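> Quick one, structure for this:
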Amino acid sequence: MAEAQAQKIVSVGGHDIGYPRGHLGCLMPKEENTLESFKVFLEEKGLYTRGPPASHDDQTLLRFLRARRWIVQDAYGQFKDTEEWRQKNQLEVLYDTIDVEAYEQTRRLYPQWTGRRDRRGIPLYLFQIRHLDSKTVAAYEKSAEAVSASKAETDGSTPQRLLRLFALYENLTRFAQPLCSEMTDREHARAGTPITLSTNIVDVSQVSLRMFWNLKAHMQAASTLATAHYPETLDRIFIIGAPYFFSTVWGWIKRWFDPITVSKIFILGPAEVKATLEEFVEPRNIPRAYGGELEFEFFDRPNLDPRIREAVTWENGFTDFPEGPAYWVPVDGGKRLACMAVGSVGGEHRRERVCTIPVAFTKEAVVAAPTETAVPAPAEDATVQAAVEGVAKLSVGDKVADEMEEKVAAEAGGPQAATAAT
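Prediction:
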């Protein structure tokens, strides 16, 4: 197993990569100018209005710029495709009306928010691949395609099982990230830098090569669409428990992500797990299974950070966040945010006010940020490829990967499966 590679900030086209670089409150002058040019371009195309309120917040626009290396035309292309996809599949309606039971069924198959954050205040998720055996996935896909779980109309080309997955991405961007953004104990909070990322522990232990193969199409489709429509929502990804054959699997996986995302992936050997995680996450926020102090098992509801609990004022009898989708809306003249539990229960639309939190992240703080937070000098110029060299040690060539795919496909499903894989 290759050693964990220390993540460093690199530069692409003169723009630094790595939180908080390229985020509100820490923008370089040329990045601020590019953001303004992007807004003007989108306005001309009829895809953005300044408001107030603006049709899209600045942190969302910046995600597309960072994903496309600050090239306005390229960011526009991805943004336009995403807006069209969201409208055709009525993502807002999907999230607002999805059946809570269907939502929870989907949630149990994907990364779970632990209720905790890393040292920078970014939400920490756990994903244990071993729970996605072929029978579980097949049953889920069958039930997802059998009946629509929301009132949203779709384009007919995106499978229902994936639309349910994107309800979870909506939860990340509309619930977990805004909540973490309002916490004042985090790094860069005074700069008004919002949280738009997630940190993930991905446990691949107890997973056979055959199981990886059976999950390949499912995970590839999910990863491809997520990369296209929810860019720059992933930060560090810690892969733990990698078996001896993982270099083969990595040969498939690395094709699903762009080089910038690949550069954020750490593949940890058994002796590296505890020390590496503690470098980025406080021990009290690391699940016990990985050397930390947190009582949290996969499938658990979030074990809320005490700092978050201190900030929350519960309402209507709630003492925790309920199951199902939720999002935040401004109340009290914009001084607080209210958490609204939505979705459908027994066919009836739910809209319950769960709690409120004080607003700490303001536009004024962002404007003042350059004078409050000293931005280090740009890192040395390098290519993204240089940042992923360490991870590439586990990679296999495309030809070798293709040969392994044929072999595994043949073992899993016979000659016809092997032919289909080529």
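> Is Thr276 in contact with Phe238, as I believe?
Yes: using CB atoms under 8 Å, Thr276 is in contact with Phe238, at 6.9 Å. C-beta: built from backbone N, CA, C; applies to glycine.
> shared neighbours of these two, anything?
266, 268 (CB atoms under 8 Å, 6 or more residues apart in numbering).
> Which of the two has more residues huddled nearby?
Phe238 (24 against 21; other CB atoms under 10 Å).
> what residues are up against that one?
By CB under 8 Å, 6+ apart, Phe238 lies in contact with 199-202, 266, 268, 273, 276-277, 280.
> what does Ser208 give?
By CB under 8 Å, 6+ apart, the neighbours of Ser208 are Pro243.
> again, only this time at 10 Å
By CB atoms under 10 Å, 6 or more residues apart in numbering, Ser208 lies in contact with 130, 133, 214, 243, 245.
> possible to save the residues you listed as a markdown table with neighbour count?
As requested, the contacts of Ser208 are exported to a markdown table (neighbours: other CB atoms under 10 Å):
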| residue | neighbour count |
| --- | --- |
| Arg130 | 14 |
| Asp133 | 15 |
| Asn214 | 19 |
| Pro243 | 16 |
| Phe245 | 13 |
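> Going by distance to Gly292, which of these wins?
Proximity of those to Gly292 (CB to CB) peaks at Arg130, which lies at 19.6 Å.
> could you show me where the strands are in the stretch 301-422 of the chain, in order?
313-314, 326-331, 336-341, 344-345, 348-349, 352-358 (DSSP state E, counting those that start in this stretch).
> For Ala189, which of those is the nearest?
Between the strands of the stretch 301-422 of the chain, strand 352-358 lies closest to Ala189; by CB to CB that is 12.6 Å.
> quick one: buried residues of that closest one?
352, 354-357 (16 or more other CB atoms under 10 Å).
> partner strands of it, parallel or antiparallel?
Take DSSP bridges as the rule and strand 352-358 pairs in its sheet with strand 313-314 (antiparallel), strand 336-341 (antiparallel).
> Go through these and pick out the most buried.
Compared across these, strand 336-341 shows the largest average neighbour count, a mean of 20 (mean count of other CB atoms under 10 Å).
> Now do Ile286 against Phe280, distance only.
Taking CB to CB, to the nearest Å as the measure, Ile286 falls 9 Å from Phe280.
> any shared contact partners between these two?
With CB under 10 Å, 6+ apart, Ile286 and Phe280 have common neighbours 118, 124.
> So if I had to pick from those two, which one is more boxed in?
Ile286 (25 against 18).
> Would you enumerate the residues in contact with the more buried one?
114, 116, 118, 124, 126, 201, 273-274, 277-278, 280, 292-294, 296.
> among those residues, which are in helices?
273-274, 277-278, 280 (DSSP state H).
> hmm, back to that, could you pick out the one among the contacts of Phe238 with the lowest pLDDT?
Across the contacts of Phe238, the member with the lowest pLDDT is Phe266, scoring 93.
> And whichever strand or helix holds that residue, what does it pack against?
Using DSSP states H and E, Phe266 maps to strand 265-268. With contacts defined as 3 or more CB pairs under 10 Å, 6 or more residues apart in numbering; DSSP states H and E, the packing partners of strand 265-268 are strand 199-203, strand 237-240, helix 246-253, helix 273-280, helix 389-392.
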